[in-house]
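Enquirer: Give the three-dimensional model of this entry:
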Amino acid sequence: MSSDTTTQGGSGGSAVTAGPAANEPLLRMTGIEKRYAGVRALRGVDFEVLSGEVHGLIGENGAGKSTLIKILSGVEQADGGEIEYDGKKVHFGNTAAALASGIGTVFQEPQVFPDLTVAENVFVGRELRTGDRRVDWAEQEKHCVELLRSLHLDPGLAHRTMGDLSVATWQLVSIAKALAADCRILILDEPSAILTSRETETLFEVVRRLTAQGVGVIYISHRLDELFLITDRVTVIRDGENVATRPIGELTPHRVAELMVGRELTGAEHLDPRPLGDVVLHARGLTREGAFADVDLDVRAGEIVGLYGLIGSGADDVALAVYGIEPADAGELAVKGRKVRIGSPVTADRLGIALLPADRKRQGIFASHPIDFNVSAGNLERLTAGRLFVNRRRERDRVTELSTRLNVKTPSIKQRIGALSGGNQQKVVLARQLLQRPDVLVLEEPSQGVDVGAKEEIHRIIGELAEGGAAVLVVSSDLPEVLKVCDRITVLREGRVVRSFDRGASDTDVLAAAAGRLHSTTPDDDARTDGPTQPKGANG
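Expert: This is a model prediction of the structure:
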């Protein structure tokens with residue numbers, strides 16, 4: 001743990017009515033280690049939660065915070081370290097064991113059964129039963145009504161079907177489910193990413209009531225402004241290590257942003273500039289209800305434009321609209337000067353637009369098939385002899401050429417793609433897009449889940465594609481990646497473009513724009529938010 005770390009913090013005025021004595025941790029994780037295929041995801045992380053506090057856990061994508069939470073909730077097992085809960089050493093072999101011990105998790109996308117009632121969802125897997133072991137439906141509904149009232153929710157929801165309710169209500173029902181298990185530690189993973197501002201405030205009210213009852217809350221969020229409204233302390237994880245644990249009253253958003261990105265991530269290193277051609281992809285007022293609105297975007301030949309935003313920003317949705325997977329409802333799109341309507345990926349392909357999907361495992365590869373099959377898929381009309389059969393020689397030559405160009409490490413193009421590393425799988429999926437010779441290449445999270453060496457190669461490839469005249473749109477939540485490869489960066493927040501940056505922008509400025517209501521040029525200015533005039537921890 002770095003010298004930046006402190007062990008004590010305020011409780012934000014919460015009344016502690018359960019758990020250890022005041023300021024004694026309800027939960028303490030010490031020296032937590034985790035490795036994946038030899039790579040250390042967590043490096044001796046220390047983390048603790050007091051009764052009645054909201055402890056923020058933040059870091060960039062891939063920093064290790066999700067891994068830490070998976071270990072605490074029983075999804076993953078640590079390779080080293082100890083967990084002490086309520087004064088006793090514990091080990092959670094699965095999620096059921098963690099929940100039974102009073103540790104509940106509410107994920108960003110609530111896990112519910114839409115066809116069941118609220119009461120049935122709250123008690124699913126832990127049904128209340130009568131003496132003859134039948135489900136006691138009346139008792140479940142009674143207890144559910146009590147839980148809903150404790151959360152200041154409409155008790156009539158108990159008999160409503162989940163599928164008829166809003167996603168925001170799903171979040172609150174998931175909290176009720178955790179409380180039904182006598183939850184004393186509540187983990188909220190990006191809880192506001194799918195909520196409106198009003199729904200987020202309702203969530204905050206619920207959290208404050210829970211901490212007043214002694215529940216310890218772990219709050220994970222990319223939205224820095226929220227930390228200053230709801231948390232008592234914040235722990236920042238970077239590269240698998242705890243770099244700081246501080247009372248929120250001692251921090252500013254400017255300082256939090258610096259801790260998240262580290263001084264080594266300044267955006268100074270980037271790909272060399274290139275001569276730019278005409279606008280290839282042009283968007284004005286692009287809108288899809290509930291996802292994004294009034295997005296303006298231009299990408300020139302030879303240019304790499306980044307779309308950057310935190311989780312729930314709408315950046316990914318814009319990419320899906322450009323490729324026609326989830327078309328825009330309104331706005332104007334033009335490709336190479338011609339107005340178009342892209343209603344499907346087939347139309348996008350014909351217009352010279354290719355997409356590298358973010359979810360490689362589910363959307364990008366056929367894991368049980370060889371490399372040549374994966375590259376050829378979707379490109380058969382470019383490889384046919386006449387109109388009936390694939391020209392196998394042409395296929396072999398093109399796949400071999402692309403595999404060599406992209407430096408795919410494999411003994412043969414007949415190698416099953418599922419046997420390759422993540423980085424090499426990503427390069428094979430990219431080869432499929434390049435076989436189309438696209439004018440516009442949309443790359444979603446291009447280096448997600450790959451090692452450092454593969455990431456550098458992918459960045460090199462992106463630069464070469466732009467040098468070849470392609471218009472490249474990079475949608476990435478990896479801030480150092482965006483700063484390094486992009487000529488311009490368009491930042492989205494809550495579905496709208498909030499700012500654009502030219503090459504050479506600082507990491508803290510871009511992160512501040514994405515997080516909202518921050519001004520990184522002056523630390524004192526950064527403390528301002530659109531909510532209460534003081535951070536929550538200021539009076540703690």
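
Enquirer: neighbouring contacts of stretch 396-406?
Expert: 371-372, 375-376, 383, 410, 413, 427-428, 430-431, 434-435, 457, 461 (C-beta atoms under 8 Å, 6 or more residues apart in numbering). For every residue, glycine as well, the C-beta is placed using N, CA and C.

Enquirer: just those residues now: which is nearest Arg35?
Expert: Of all the contacts of stretch 396-406, Arg35 sits closest to Glu457, with 23.4 Å by C-beta to C-beta.

Enquirer: contacting residues for the closest one?
Expert: 406-407, 423, 427.

Enquirer: any chance you could map the strands in the stretch 301-450 of the chain?
Expert: 304-308, 330-335, 338-340, 353-356, 384-385, 389-390, 440-444 (DSSP state E, counting those that start in this stretch).

Enquirer: what about those strands, which gets the closest to Thr490?
Expert: That would be strand 304-308 among these, by C-beta to C-beta, at 5.5 Å.

Enquirer: That closest one pairs with which strands?
Expert: Strand 304-308 pairs in its sheet with strand 471-475 (parallel), strand 488-493 (parallel), by DSSP bridges.

Enquirer: Of the ones you listed, flag the one that's most buried.
Expert: Most buried of the strands paired with strand 304-308, by mean neighbour count (mean count of other C-beta atoms under 10 Å): strand 471-475, with a mean of 27.

Enquirer: which outside residues touch that one?
Expert: 280-281, 297, 299-307, 315-316, 318-319, 322, 358, 439-446, 462, 465-466, 481-482, 485-486.

Enquirer: Tell me how far the most centrally placed residue in the chain lies from Ser192.
Expert: Nearest to the mean C-alpha position of the chain, by C-alpha atoms, centre = their mean, lies Ile311 at 4.7 Å. Counting by C-beta to C-beta, to the nearest Å, the separation of Ile311 from Ser192 is 10 Å.

Enquirer: if we can go back for a sec, weed out the non-buried ones from the contacts of Glu457.
Expert: In the contacts of Glu457, burial by neighbour count holds for 406, 423, 427, counting by 16 or more other C-beta atoms under 10 Å.

Enquirer: Show me the residues you listed that map onto helices.
Expert: Judged by DSSP state H, helices contain the following of the buried ones among the contacts of Glu457: 423, 427.

Enquirer: Out of the buried ones among the contacts of Glu457, which comes closest to Leu251?
Expert: Nearest to Leu251, judged by C-beta to C-beta, of these is Gly423 at 35.8 Å.

Enquirer: CA atoms only for the one helix or strand Arg43 maps to - export them in PDB, please.
Expert: According to DSSP states H and E, Arg43 maps onto strand 39-50. This file holds the C-alpha atoms of strand 39-50, laid out as PDB (Å, rounded to 0.1, in the frame of the first residue of the first chain):
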ATOM      1  CA  VAL A  39      -0.600 -12.200 -15.300                       C
ATOM      2  CA  ARG A  40      -1.100 -10.500 -11.900                       C
ATOM      3  CA  ALA A  41      -4.500  -8.800 -11.900                       C
ATOM      4  CA  LEU A  42      -4.300  -7.800  -8.200                       C
ATOM      5  CA  ARG A  43      -1.000  -7.100  -6.400                       C
ATOM      6  CA  GLY A  44      -1.400  -7.200  -2.600                       C
ATOM      7  CA  VAL A  45      -4.500  -5.000  -2.400                       C
ATOM      8  CA  ASP A  46      -5.800  -3.800   0.900                       C
ATOM      9  CA  PHE A  47      -9.300  -2.600   1.200                       C
ATOM     10  CA  GLU A  48     -11.800  -2.100   4.100                       C
ATOM     11  CA  VAL A  49     -15.300  -0.900   4.800                       C
ATOM     12  CA  LEU A  50     -16.700   0.500   8.100                       C
END
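
Enquirer: residues in contact with Ile461?
Expert: Counting by C-beta under 8 Å, 6+ apart, Ile461 has contacts 406, 427, 430.

Enquirer: In JSON lines, list those residues along with pLDDT and distance to Lys142.
Expert: Listed next are the contacts of Ile461 as JSON lines, based on pLDDT from 0 to 100; distance: C-beta to C-beta, whole Å:
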{"residue": "Leu406", "pLDDT": "76", "distance to Lys142": "62"}
{"residue": "Lys427", "pLDDT": "82", "distance to Lys142": "58"}
{"residue": "Leu430", "pLDDT": "79", "distance to Lys142": "57"}
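
Enquirer: Can you lay out these as JSON lines showing distance to Asp349?
Expert: Listed next are the contacts of Ile461 as JSON lines, based on distance: C-beta to C-beta, whole Å:
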{"residue": "Leu406", "distance to Asp349": "20"}
{"residue": "Lys427", "distance to Asp349": "20"}
{"residue": "Leu430", "distance to Asp349": "16"}
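
Enquirer: What count of nearby residues applies to the closest residue in space to His459 that isn't next to it in sequence?
Expert: With sequence-adjacent residues excluded and distances taken as C-beta to C-beta, 6 or more residues apart in numbering, His459 is closest to Val485, at 5.3 Å. For Val485, the count of nearby residues is 24 (other C-beta atoms under 10 Å).

Enquirer: Then Val90?
Expert: Around Val90 there are 15 residues (other C-beta under 10 Å).

Enquirer: which element is the closest residue to it other than its chain neighbours on?
Expert: Leaving aside its sequence neighbours, Val90 sits nearest to Ile83 (C-beta to C-beta, 6+ apart; 5.4 Å). Element membership for Ile83, per DSSP H and E: strand 80-85.

Enquirer: Pull the distance from the one helix or strand Ala244 maps to to the chain's centre.
Expert: For Ala244, the host element (DSSP H and E) is strand 241-247. Distance of strand 241-247 from the chain centroid (C-alpha atoms, centre = their mean, to the nearest Å) equals 21 Å.

Enquirer: Between strand 39-50 and it, find me the angle.
Expert: When axes from the mean of the first three to the mean of the last three C-alpha atoms, to 10 degrees is applied, the directions of strand 241-247 and strand 39-50 differ by 20 degrees.

Enquirer: just the angle between the following helix or strand past strand 241-247 and strand 241-247, please?
Expert: Counting by DSSP H and E, the next helix or strand C-terminal to strand 241-247 is helix 253-261. Angle, helix 253-261 to strand 241-247, by the same axes, to 10 degrees: 160 degrees.

Enquirer: Just give me how far helix 253-261 sits from the chain centre.
Expert: 18 Å.

Enquirer: Which other helices and strands does it contact?
Expert: Judged by 3 or more C-beta pairs under 8 Å, 6 or more residues apart in numbering; DSSP states H and E, helix 253-261 is in contact with helix 224-230, strand 233-238, helix 507-515, helix 523-526.

Enquirer: do that again at 10 Å, thanks
Expert: If you count contacts as 3 or more C-beta pairs under 10 Å, 6 or more residues apart in numbering; DSSP states H and E, helix 253-261 packs onto strand 54-58, helix 224-230, strand 233-238, strand 241-247, helix 479-485, helix 507-515, helix 523-526.

Enquirer: just how off-centre is the longest one within its chain?
Expert: Looking back up the chat, that one is helix 507-515. On C-alpha atoms, centre = their mean, the centre of helix 507-515 falls 16 Å from the chain's centre.

Enquirer: C-alpha coordinates for it, CSV please?
Expert: Output in CSV follows, covering the C-alpha atoms of helix 507-515 (Å, rounded to 0.1, in the frame of the first residue of the first chain):
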residue,chain,number,x,y,z
ASP,A,507,-5.5,12.7,-19.7
THR,A,508,-7.0,14.7,-16.8
ASP,A,509,-8.8,17.1,-19.1
VAL,A,510,-10.4,14.3,-21.1
LEU,A,511,-11.3,12.3,-18.1
ALA,A,512,-12.7,15.4,-16.4
ALA,A,513,-15.0,16.1,-19.4
ALA,A,514,-16.2,12.5,-19.5
ALA,A,515,-16.9,12.4,-15.8
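
Enquirer: I'm done for today, thanks for sticking with me.
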